[in-house]
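**Q** pasting the sequence and the predicted coordinates here, then a few questions.
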Amino acid sequence: MNDTDRIKKPESTIPVQTLRRIPYYHQILSDLEQKGERFVSSKYLAHFFRVDDTQVRKDVSVIGYKGKPKSGYSVSGLKQAIGDFLGINTENTAILIGAGKLGSALVEYPGLNEYGLKTVAVFDKDPKKLDRKIGAFTVQPLEKLAEIVQSFDVGIAIITVPKEAAQAICDLVVKQNIKAIWNFAPTQLSAPADVTIRNENMAVGLALLSHYLKKRTAESAIFS
Ligand code: ATP
C-alpha cells in the first residue's frame, strides 16, 4: 500500500478500504438494530465484505470503539461510535443547487436525513422553476444564496446542475466559504485544497459495470 492509498490523520493513517467499509458497517448495524438485535460478531460483519474477522476488528479499533469482540459488539454502541467517527450523529446542513429531476429526487429522498443531512434550501437559475415547491422547499434564486448560507450556517453544497454549469456553481459556493461539496454533475470540479469534493459520477459507475459485463460476456464466449 502506498501513501496515496491512505488518508493522513495526525495520530495515524487510515487505509482507504477501511474508510470505505465504515459507512456500510453503519448501515448493517442500523438494520440489525431495527430487527431488535443487541450484539453482533466480527465474523458476521466480515461476511459482507470478503474480509476476515481480524480485519473487522482492526476497522473497529480505527473507529476507536472499545467493544468486546469475543462476546460480540454492542449493536447500538458500535453504531453510535461509527456515527461519531463519521460525524453523522451531529446534523450537517446542506443546500442543493439544480432543481431538475435528480436534484428533486435527492431533496425528496428521506434516507439522507438518517445520515444527519438536513437540506435547508434549494436553488435554481431557471425563472420557470423559481417559486415552485419541491418537497417542503420553495425553489430560490441564486441571489438568495449568500443570505441563506449565512443564516443556516450551511456546511455542504449538493450540486445537481448540468456539467457545463457545475464549475461556476462550485466557485460560487466556495466563495460562500462552504467547505464540502457533493457533486452529481458528471465533471471534475476544481476547488481550493481546504474544500472537500465528493463526486458521484454515475456515468463512471455505469461505464465500469458495462466494462465488467463486456469482459464476462467475452470470457463466457471463449469458454463455452
Ligand atoms: P428539467 O427537465 O426539469 O430541467 P433536468 O434534470 O433534465 O430537469 P438539467 O438540464 O439536468 O435538468 O438541469 C438540472 C437543473 O439545473 C435544472 O433545473 C436547471 O434549471 C438547473 N441549472 C442549470 N444551470 C444552472 C445554473 N447555472 N445555476 C443554477 N441552476 C442551474
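**A** Happy to help now that I have it. Numbers count the residues shown, from 1 in each chain.

**Q** okay, now residue 169: neighbour count?
**A** Neighbourhood size, residue 169 [other Cβ atoms under 10 Å]: 24. Just so you know, the C-beta spots here come from the backbone N, C-alpha and C atoms, and that holds for glycine as well.

**Q** that one: what secondary structure?
**A** For residue 169, the assignment made with DSSP: H, G, I helix; E, B strand; the rest coil gives helix.

**Q** wait, it touches residue 161, no?
**A** Yes. Here residue 169 reaches residue 161: they are 5.4 Å apart, a contact under Cβ atoms under 8 Å.

**Q** you'd agree residue 93 is in a strand?
**A** Yes. Per three-state DSSP, residue 93 lies within a strand segment.

**Q** can you verify my assumption that it contacts residue 113?
**A** No. Applying Cβ under 8 Å, one finds residue 93 not in contact with residue 113, separated by 12.0 Å.

**Q** higher neighbour count, the two?
**A** Using other Cβ under 10 Å as the criterion, residue 93 and residue 113 rank with residue 93 on top: 17 against 11.

**Q** quick check: residue 155 vs residue 110, distance?
**A** When Cβ to Cβ, to the nearest Å is the yardstick, residue 155 and residue 110 sit 20 Å from each other.

**Q** what about these two, which has more around it?
**A** The neighbour comparison of residue 155 against residue 110 (other Cβ under 10 Å) goes to residue 155, with 18 against 7.

**Q** in space, what's closest to the more buried one - neighbours in sequence excluded?
**A** Spatially, and ignoring its direct neighbours in sequence, residue 155 is nearest to residue 92 (5.1 Å; Cβ to Cβ, 6 or more residues apart in numbering).

**Q** so the one you found touches residue 154, yeah?
**A** No. With contact defined as Cβ under 8 Å, residue 92 does not count as touching residue 154 (9.0 Å).

**Q** more neighbours, these two?
**A** Neighbour totals were compared for residue 92 and residue 154, and residue 154 leads with 23 against 16 (other Cβ under 10 Å).

**Q** which SSE is the more buried one in?
**A** Per DSSP states H and E: residue 154 is located in neither a helix nor a strand.

**Q** what's the spacing between it and residue 214?
**A** Applying Cβ to Cβ to residue 154 and residue 214 gives a distance of 42 Å.

**Q** over to residue 23?
**A** Residue 23 is 29 Å from residue 214, by Cβ to Cβ.

**Q** and this protein, which residues reach the ligand?
**A** Applying Cβ under 6 Å from any ligand atom, we find that the chain lies next to the ligand at 97-103, 124-126, 129, 142, 160-162, 165, 169.

**Q** now do the lengthiest helix in the chain: which elements does it pack against?
**A** What stands out as the longest helix in the chain, according to DSSP state H, is helix 202-223. Helices and strands touching helix 202-223, as assessed by 3 or more Cβ pairs under 8 Å, 6 or more residues apart in numbering; DSSP states H and E, are absent.

**Q** how about residues contacting it?
**A** 184, 186 (Cβ atoms under 8 Å, 6 or more residues apart in numbering).

**Q** repeat for stretch 15-31
**A** Outside stretch 15-31, the residues touching it (Cβ under 8 Å, 6+ apart) are 1, 5-7, 40, 45, 48-49, 51, 58-59, 62-63, 75, 78-79, 82-83, 85-86, 88, 114.

**Q** only the buried subset of those residues, as a PyMOL command please.
**A** Only the buried entries of the contacts of stretch 15-31 go into this PyMOL selection, using 16 or more other Cβ atoms under 10 Å:
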select buried, resi 40+45+49+51+59+62+63+75+78+79+82+83+85+86+88
